[in-house]
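Just a sequence and a predicted model for now, questions to come.
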Amino acid sequence: MRKCCLITGASRGIGKSIALELSKTYGLHILLNYARNTEAAQQTLKEIQDAGGTGELLQYRVEDFEQTESVLGTWIKENKDSKIEVLVNNAGITKDNLLVFMEASDFNDVLDINLKGAYNTTKVVINHMVRNRYGRIINMASLAGVKGVPGQTNYSASKGGLIAMTRSLAQEVAKRKITVNAIAPGFIESDMTSELDVDTLKKLVPMNRFGKPEEVAGAVSFLVSDSASYITGEVININGGLS
Ligand SMILES: NC(=O)c1ccc[n+]([C@@H]2O[C@H](COP(=O)([O-])OP(=O)(O)OC[C@H]3O[C@@H](n4cnc5c(N)ncnc54)[C@H](OP(=O)(O)O)[C@@H]3O)[C@@H](O)[C@H]2O)c1
């Protein structure tokens, strides 16, 4: 059986780092999901292959259940020699504004991609994991979902919801040897944070710097390892001391 790992939003940033790390450390076949940036996704796949790993692209928009079921469900049906052992729900967006100015569409879009998107992919993969009686699910939350951030009521709600979903699902599937955990990064260098005022914001961080995607990927790698087999329903904060 070929062991696979599905990572949503793996074309760039944190997801890309996780893909490279899990390919290198565990030799997992990487299913690399993304929404529209095919060039970046192909580049990530090339870097996996250049390092001796394997993978393939699975383009679908996580907020669209029909598309998720069609692309991912079809892949599962057509690859009976493969099992998805690891799922990282990493795809996410921000549409920041103070609540008084926030349009309903900006609230809904963020909830749809960050929270419902994680439900959609997990819903398609979970039966497969239950049948295999093994799985590792890691949900990419955020410090915003732990403590709340002004200007991010939509994003904080989506990530807080993701943490609650993590804890509930962990209890539902623990008997099947499936662990479900969340990671809550603070400020991490990526396209998502590229417009922020780094010099001002880094002063808020006790380590006086933004984190690197590799520093998040390292924690994901630990949660995938056998050493983490009794950890479930937890949230690992990675924020340079910010919380
Ligand atoms: N960076 C931070 O400081 C930080 C802090 C806390 C939490 N996080 C969380 O970490 C995760 C990754 O963030 P990042 O900084 O790496 O972001 P990023 O650099 O903006 O990358 C976002 C990734 O998500 C994908 N994506 C966006 N919308 C999608 C959709 N509808 N369906 C499928 N994929 C979609 C993008 O694909 P395309 O390339 O096709 O657009 C891309 O691969 C997010 O969940 C984010 O909320 C980030």
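That came in fine, so what should we check first? Numbers count the residues shown, from 1 in each chain.

close to the ligand, is the helix or strand harbouring residue 88?
Assessed by DSSP states H and E, residue 88 sits inside strand 82-89. No. Judged by CB under 6 Å from any ligand atom, strand 82-89 makes no contact with the ligand; its nearest approach is 7.9 Å. Heads up, the C-betas are built off the backbone N, CA and C, glycines and all.

can you pull the buried residues of the helix or strand just after that strand?
The C-terminal neighbour of strand 82-89 among helices and strands, as given by DSSP H and E, is helix 104-111. Residues of helix 104-111 classed as buried by neighbour count (16 or more other CB atoms under 10 Å): 106, 107, 109, 110, 111.

just these that are near the ligand?
Counting by CB under 6 Å from any ligand atom, nothing from these sits close to the ligand.

Quick one: neighbours of the nearest residue to residue 189 once chain neighbours are set aside, just the number.
Residue nearest to residue 189 in three dimensions, not counting chain neighbours: residue 210, with 4.9 Å by CB to CB, 6 or more residues apart in numbering. Residue 210 has 20 neighbouring residues, counting by other CB atoms under 10 Å.

any idea how far the spatially most central residue of the chain lies from residue 52?
Compute the mean C-alpha point of the chain, and by CA atoms, centre = their mean the closest residue is residue 90, 1.7 Å away. Residue 90 sits 23 Å away from residue 52, going by CB to CB, to the nearest Å.

on that earlier part again, tell me the mean pLDDT for the strand holding residue 88?
For strand 82-89, mean pLDDT rounds to 98.

Same question for stretch 201-211.
On average, the pLDDT along stretch 201-211 is 97.

Check whether that stretch comes near the ligand.
No. Against the ligand, stretch 201-211 shows no contacts by CB under 6 Å from any ligand atom, the least distance being 7.2 Å.

let's have the chain start at 59 instead
With 59 as the first residue, the last one maps to stretch 259-269.

gap between the two ends of that stretch?
Stretch 259-269 has an end-to-end distance of 12 Å (CA to CA, to the nearest Å).
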